[in-house]
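Student: Sequence and computational prediction follow.
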Amino acid sequence: MPFIPLDTAHEVGHQLKDSKAVFAFGHASAVGTLQEAGVAADKIVCLSGDAPEGSNIVSFATFTNNDGKGAPKVDIKGSDIAALPYSSGTTGFVCPLSFRSACRNVSSQGFGNWLRWLFRMFCRLSKGVMLTHDNIVANLQQAINKEGLDFTRSDCVMTVLPFYHIYGQVVMMNSALNKGSKLVIMSKFDPGKFLTLTQTQKVCAGFRICSLSLCLYAATHHLTSA
């Protein structure tokens, strides 16, 4: 279940409770949000560097410092859940009867309460999207083909889109890993760094949305006209 870095502690807490997660893995910058969301320190694995001193937070090096012999054998089926990305939570259903009732009470409740009611009805909490192993494999088969992402082990792929989004997670990350291609990961988009890495790492493929393409056009125009 991938988190969005801009999620608040309230949103993270909802997703953890809804998914029944037992561990949380995150960058050091996200540790505070995870703790505020109610995750116990010994259930947080810090992926970047050492865990904060004087805490029970587990570093990734400590977490992986074992031979794995004590791990239980797991029988994984294609119908089992493989990923649980959460939606933005902007959709919802408004009951017509509730809507008419709220309209009648606007004058008595006041405009502020009316806005809060609209927020509760339309801005719902995020919802988990259950993707099975079969779902992921089918999506990869759609993407990896001669007419699509025909990656090889010698290819280098720029992964600037976030992995918490299904585009970045499946189409970019999983497609490249499936073929053994090299991944160049940017923690955030920077036009100048993107262009530099493209050249130095000999990137042959890099997916981006329209707004990123416009930024790159502006950056290249500035560099060539300077």
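Tutor: Great, that's in hand.
Student: Sticking with the residue positioned nearest the centre of the chain, tell me its helix or strand.
Tutor: What sits nearest the mean C-alpha location of the chain, by CA atoms, centre = their mean, is residue 164, with 1.2 Å. Counting by DSSP states H and E, there is no helix or strand that carries residue 164.
Student: list the contacts for it?
Tutor: 2-5, 85 (CB atoms under 8 Å, 6 or more residues apart in numbering). For the C-beta atoms, the positions are set from N, CA and C on the backbone; glycine is no exception.
Student: Tell me how far it lies from residue 154.
Tutor: Separation of residue 164 from residue 154 (CB to CB, to the nearest Å) stands at 29 Å.
Student: before we move on, the earlier item: for the residue nearest to the centre of the chain, phi and psi?
Tutor: Dihedral pair for residue 164: phi -80, psi -10, per degrees, to the nearest 10.
Student: Could you do residue 25 as well?
Tutor: phi -110, psi 130.
Student: Could you report the pLDDT at the nearest residue to it once chain neighbours are set aside?
Tutor: Nearest residue to residue 25, sequence neighbours excluded (CB to CB, 6 or more residues apart in numbering): residue 45, at 4.6 Å. Looking at residue 45, its pLDDT reads 92.
Student: Give me the residues contacting the helix or strand hosting residue 45.
Tutor: Element membership for residue 45, per DSSP H and E: strand 44-46. Strand 44-46 is contacted by residues 23-28, 31, 34-35, 52, 57-60, 63 when judged by CB under 8 Å, 6+ apart.
Student: how much space between residue 138 and residue 176?
Tutor: From residue 138 to residue 176 the distance is 18 Å (CB to CB).
Student: Which one's more surrounded, these two?
Tutor: residue 176 (22 against 13; other CB atoms under 10 Å).
Student: How about the more buried one, nearest residue that isn't a chain neighbour?
Tutor: residue 157 (4.4 Å).
Student: Burial check on that neighbour, number of neighbours?
Tutor: 23.
Student: wait, is it part of a strand?
Tutor: Yes: assessed with DSSP: H, G, I helix; E, B strand; the rest coil, residue 157 lies in a strand.
Student: show me the contacts for it.
Tutor: Counted by CB under 8 Å, 6+ apart, residue 157 has contacts 151, 172, 176, 181-184, 203-206.
Student: re earlier: which of the contacts of strand 44-46 sits closest to residue 128?
Tutor: residue 24 (15.3 Å; CB to CB).
Student: do you know how far the closest one is from residue 166?
Tutor: Residue 24 is 20 Å from residue 166, by CB to CB.
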